[in-house]
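Novice: when you get a sec, could you give me coordinates for this:
(2 chains)
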Amino acid sequence: MTNEPGYSEPSALPGDLSETSDPAPVDYALHPNAMRLRRWQALLFALLMALPYVGFHLVRGAPLWALVAIPVVLAFMLVSERHARAYLKRFGCTLFPDGLRVTRGVFWRSEVFVPRARIQHTEVQSGPIARRFGIAKLALFTAGTQLGKVEVEGLPQAAAVELRDRLLERHGRHDAV
Amino acid sequence: MAATMPSSRNAGATDEARLHPWSWLFVLLTQLRKVALPLLALFLFGRGEWWEAFALLGAAGLALYSLVYSFGFRYRIGDDELVIREGIFARTVRHVPFARVQNVTQRRNMLHRAFGVTELRIESAGGAQAEATMNVITLADAERLERILRGGHVDIPAPAEATPLLALDAREIALLGLLSNQGMVVVAALFAFWFQFEPWERGAWREVFRAQRRVFEELSLVEASPLAMFITGLLALLAFLLALRVLSVAIAFLRFHGFTLNLGGNRITTESGLFTRTRASATRDKIQRLRFGESWLERSVGRRSLASEVAGGAVSKPGAERAQLKWLAPIATFEGIARIVATLQPEAQIEALDWRPLHPRAFLRMLKPMLVVWAVVCAPLAIFIGPWALAAFAAAALQSVLAARGRARFGAYALNDRVVAVRSGWLRREWSVVRCGKVQALKLEASPFDRRHGMAAVRVDTAGADAMSGFRVAYLPEDEARALVDTLRERMGRVFA
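Specialist: Numbering: from 1, shown residues only, chains lettered A, B, ... in the order given. From the prediction side, this is the model:
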């Protein structure tokens, strides 16, 4: 049930926005562990980037040069900490009767709206680290090009599944293209 | 490939058929064409390294695989779907319902025409493997398939002649060639080729001049004075530019000779090409976006172009050739375009839309990044050419001011009950029109510079769009951008156009 992509047909009935029992918009909050997950991801990224550099200098027999990597990694972690905090504070995911709106971004801000009727299929995934924190990533696929895949990362696993189910409850034969 | 008895619903339903017996030749040629250029490069520039042999082997292996693949290909025209069986190791069965088919493209080069066959490509909506390529089948079978897809039955003759909407004659095609400068592609390739010989070496240019002087002395026409050399250099450049134009016209003829645009029932069909004849068709209501374009030159002779984006299946391979109806009118007069639009999608008449302007300070917002970029480019130039760098910057700044002013003035968007449209550009102008029911998703975006000016951009995503240039309205006041998104949301929910 958790990681199944589902293919569903969208609604073709005009004015048919009342399939959900709840007409008021519902906010989906990120998992409290989302910050920790981001920290881990940043650390892994920094280590991965530093590895070739450090390895190269160690092989050359210049461990002092390799040590330069440490303050750089620390600085990166500090910056990414502040950025992640701001990012998670601004992040918003709201389910409306007609679709999902995702607000994100610190410097480059964006609000993506995916109409319910345009969702071709969905995916709920979580990587190994995310799973340990109980966090999942919900991906919505439309027939579009640049917004053909809209991802929401950091939701609790149960919430992601619930959101997916609520987005997919639709009827109709039109293929939304 | 005989038709079964009319007990089935579709009188054209067939037993399982194979591709044309000569398919292997066409597939082989297609594969060879793919590897020909790399192989040629290998022969010319290769240095006999051992791994180059592996590359050759790999290429040969690929070609062989495709050949065998084409032998195992089977297709069957069913009651309401096309059934395809393919694959060598893993046999796949694909069902393509006729109702879901959107794009059908035929491609025939000289060899295809000699054999009376064609390569047929079918794209349908939804599903991962939505594309079917049949390389090759007979023209008769292709006709049969197309007729069925158009909703008729095989035995019923083709419906009344399709309405011709546009037919390009030689004069228009020549004009297209002259205006569109397609020869530049070849120039770019030549440039890349020339770069292999390291022209930035100081000695290279001296060699060129020495060669020029030698030519003069050989011909002993005129004394090799600097003036004579300069004039001949100039003449050579002019001759080159002229050759470029001629090349452009030739390319235009290759692509668009005999271009016709027809509307038959609900299906739009275009056919064009000199040696390779391409015939693309799509359903009218599957048009996702209409794109109009005119360069400054085209505008001065009263011409414009019109292209469409039709939704295909999932893009299987990025960069793979899309079998798509694209050019509705590579070039046509303003009235010609208006007539085509009136027939295909009357709500998309760009002249009739109510255009709303951009943010009043869009000019400044556009100008600033341009100036910054030019400053960054011109600053290091000062090392080489000293104070002239300032003059260069001044010239660039002037161009930027004109460009930003032109774009800020011309840029606009329109929104009514049925369509949303955007126009942009200055010398080269473009319009995009999307029906509200074709909008897939919306995005309101603002960069830090946008936010400082109180502006935002709205991206309207459609199916089958060009990855580089999606529909986007930029430099709008933020509240107006939000209003646009909200209105579109509401309209999308209402209509499934």
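
Novice: state which helix of chain B is the longest.
Specialist: Using DSSP state H, we find that the single longest helix of chain B is helix B:226-256.

Novice: now do the contacts for B:Val104.
Specialist: Taking Cβ atoms under 8 Å, 6 or more residues apart in numbering or on different chains, we find B:Val104 in contact with B:120-123, B:145-146, B:149, B:280-282, B:323. The C-beta positions use only the backbone N, C-alpha and C, and glycine is treated the same way.

Novice: if we can go back for a sec, now do the next helix or strand after the longest helix of chain B, average pLDDT.
Specialist: Next helix or strand after helix B:226-256 toward the C-terminus (DSSP states H and E): strand B:260-264. The pLDDT scores in strand B:260-264 average 90.

Novice: can you tell me the strand partners of strand B:260-264 and which way each runs?
Specialist: Applying DSSP bridges, strand B:260-264 is found paired with strand B:163-167 (antiparallel), strand B:267-272 (antiparallel).

Novice: would you list the ones you listed in a markdown table and tack on distance to B:Asn109?
Specialist: Listed next are the strands paired with strand B:260-264 as a markdown table, based on distance: least, Cβ to Cβ, whole Å:
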| stretch | distance to B:Asn109 |
| --- | --- |
| strand B:163-167 | 22 |
| strand B:267-272 | 13 |
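
Novice: so which of those comes closest to B:Arg472?
Specialist: strand B:267-272 (25.9 Å; Cβ to Cβ).

Novice: got the angle between the closest one and helix B:226-256?
Specialist: 140 degrees (axes from the mean of the first three to the mean of the last three Cα atoms, to 10 degrees).

Novice: with adjacent residues omitted, what lies nearest to the spatially most central residue of chain A?
Specialist: For chain A, the residue nearest the mean C-alpha position is A:Glu153 (2.0 Å; Cα atoms, centre = their mean). Distances taken as Cβ to Cβ, 6 or more residues apart in numbering or on different chains place A:Lys137 nearest to A:Glu153, at 4.5 Å, with adjacent residues excluded.

Novice: where's the one you found relative to chain B, distance?
Specialist: Using Cβ to the nearest Cβ, to the nearest Å, A:Lys137 is found at 18 Å from chain B.

Novice: count the neighbours of the residue of the stretch 201-350 of chain B found nearest chain A for me.
Specialist: Taking Cβ to the nearest Cβ as the measure, the stretch 201-350 of chain B has B:Ala311 as its residue closest to chain A, at 4.5 Å. Here the number of neighbours of B:Ala311 (other Cβ atoms under 10 Å in any protein chain shown) works out to 29.

Novice: where do the helices of chain B begin and end?
Specialist: Using DSSP H, helices in chain B cover B:23-45, B:50-71, B:110-115, B:139-149, B:170-180, B:183-195, B:202-219, B:226-256, B:296-300, B:334-344, B:362-385, B:388-410, B:448-453, B:478-494.

Novice: B:Leu40: neighbouring residues, count only.
Specialist: Neighbour tally, B:Leu40, other Cβ under 10 Å: 11.

Novice: in the chain, where is pLDDT below threshold?
Specialist: Just going to use chain A. Along chain A, segments meeting pLDDT under 70 span A:1-22, A:170-177.

Novice: switch to chain B, that's the one I care about
Specialist: In chain B, residues with pLDDT under 70: B:1-14, B:46-48, B:125-130, B:150-161, B:182-183, B:197-205, B:220-224, B:312-323, B:495-497.

Novice: what does it put close to chain A?
Specialist: B:100, B:102, B:125-126, B:286, B:288, B:311, B:438-448, B:451, B:459, B:461-467, B:470, B:485, B:489, B:492-496 (Cβ under 8 Å from any Cβ of the partner chain).

Novice: not counting its neighbours along the chain, what's nearest the most centrally placed residue in chain B?
Specialist: The centroid of chain B falls nearest to B:Lys326 when counting by Cα atoms, centre = their mean (6.8 Å). Among residues not flanking B:Lys326 along the chain, B:Ala307 sits closest, at 5.4 Å (Cβ to Cβ, 6+ apart).

Novice: neighbours of the residue of chain A found nearest chain B, how many?
Specialist: With Cβ to the nearest Cβ, the shortest gap between chain A and chain B falls at A:Gly144, namely 3.3 Å. Counted with other Cβ under 10 Å, residues neighbouring A:Gly144 total 29.

Novice: thanks again, I'm all set now.
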